[in-house]
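K.L.:
Structure, please.
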Amino acid sequence: MTRRGRLRNPVPALVVALLLVGLLSPAVSAQGNANVCVDVKGKQQVQKGTATCTADDTSRAMAKGEDSTATATNQSVARVKGTGSNAVADSNSSATVTGDGSSAYATDGEGNTASVTGDGSTAYAVFGDGNTATVNGDGSVADAGSGDSNTATVTGDASYAQATGGTGNTAIITGDDSSAES
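P.N.:
Numbering: from 1, shown residues only. Predicted coordinates for the structure are as follows:
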């Protein structure tokens, strides 16, 4: 007598399920984790391949991607996901990059935020407090700083937004091959 609804040997079904989600494939696992670095509060948790990261005892830095770097100090967070990219944050700030050949700098001030999603782009939130620089696009630059509470935002490719030299300046670009200064 056999029980209905019960697999006789669940191992083949489990192997197929694991292969489908990529957990059993050595090539996928090795490739996905080949260049990874995680440093939490000054203790390097993971360091594989060419990704590098550094955090002091109050910060977190994570880099994933060939030749990528994340550096965070003084209660900050720096994150990178991409090849040849860089994120630097200090003084209670945040720098995040998702893309290849891009950089985000949230430095030289308190509470700055720099974020890039795209390839070959740069976000600077520097030289002041509470500045925000955001890029969503390729080959673009957002520069907010040399003052406090400045915001520069680019949504598009090959564009430039600059909000500097004062307090509360805003420069917003939506579109390609454009520029704005405030």
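K.L.:
What is the helix or strand where Val38 lies packed up against?
P.N.:
Assigned by DSSP states H and E, Val38 belongs to strand 36-40. Packing partners of strand 36-40 (3 or more C-beta pairs under 8 Å, 6 or more residues apart in numbering; DSSP states H and E): strand 43-48, strand 52-55, strand 60-64, strand 69-73. Every residue, glycine included, has its C-beta placed from N, CA and C.
K.L.:
which residues are contacting that strand?
P.N.:
Identification of contacts with strand 36-40 by C-beta atoms under 8 Å, 6 or more residues apart in numbering yields 44-49, 51-55, 60-64, 70, 72.
K.L.:
Mind checking which of these are buried?
P.N.:
49, 51-55, 60-64, 70, 72 (16 or more other C-beta atoms under 10 Å).
K.L.:
circling back: list the strands paired with the strand holding Val38, with their directions.
P.N.:
Next to strand 36-40 in the sheet, as set by DSSP bridges, lie strand 43-48 (antiparallel), strand 60-64 (antiparallel).
K.L.:
Give me the neighbour count for Asp177.
P.N.:
Neighbourhood size, Asp177 [other C-beta atoms under 10 Å]: 12.
K.L.:
for Val77, that is, sorry about that
P.N.:
20.
K.L.:
And the pLDDT for it?
P.N.:
The model reports Val77 with a pLDDT of 98.
K.L.:
Distance-wise, check it relative to Thr58.
P.N.:
With distances taken as C-beta to C-beta, to the nearest Å, Val77 is found 10 Å from Thr58.
K.L.:
again with Gly99
P.N.:
For Gly99 relative to Thr58 (C-beta to C-beta), the value is 27 Å.
K.L.:
So which of these two has more stuff around it?
P.N.:
More crowded of Gly99 and Thr58, by other C-beta under 10 Å: Gly99, with 24 against 13.
K.L.:
contacting residues around Ser179?
P.N.:
Each residue near Ser179 by C-beta under 8 Å, 6+ apart is listed here: Ser159, Tyr160, Ala161, Gln162, Ile173.
K.L.:
for Asn112, that is, sorry about that
P.N.:
Asn112 neighbours (C-beta under 8 Å, 6+ apart): 89, 91, 93-94, 106, 125-126, 128-132, 144-145.
K.L.:
what comes into contact with the host helix or strand of Ser115?
P.N.:
Taking DSSP H and E as the criterion, Ser115 maps to strand 113-117. The contact list for strand 113-117, computed with C-beta under 8 Å, 6+ apart, reads 85, 87, 89, 93-99, 102-106, 122-125, 131-137, 142.
K.L.:
Good, we can wrap up now.
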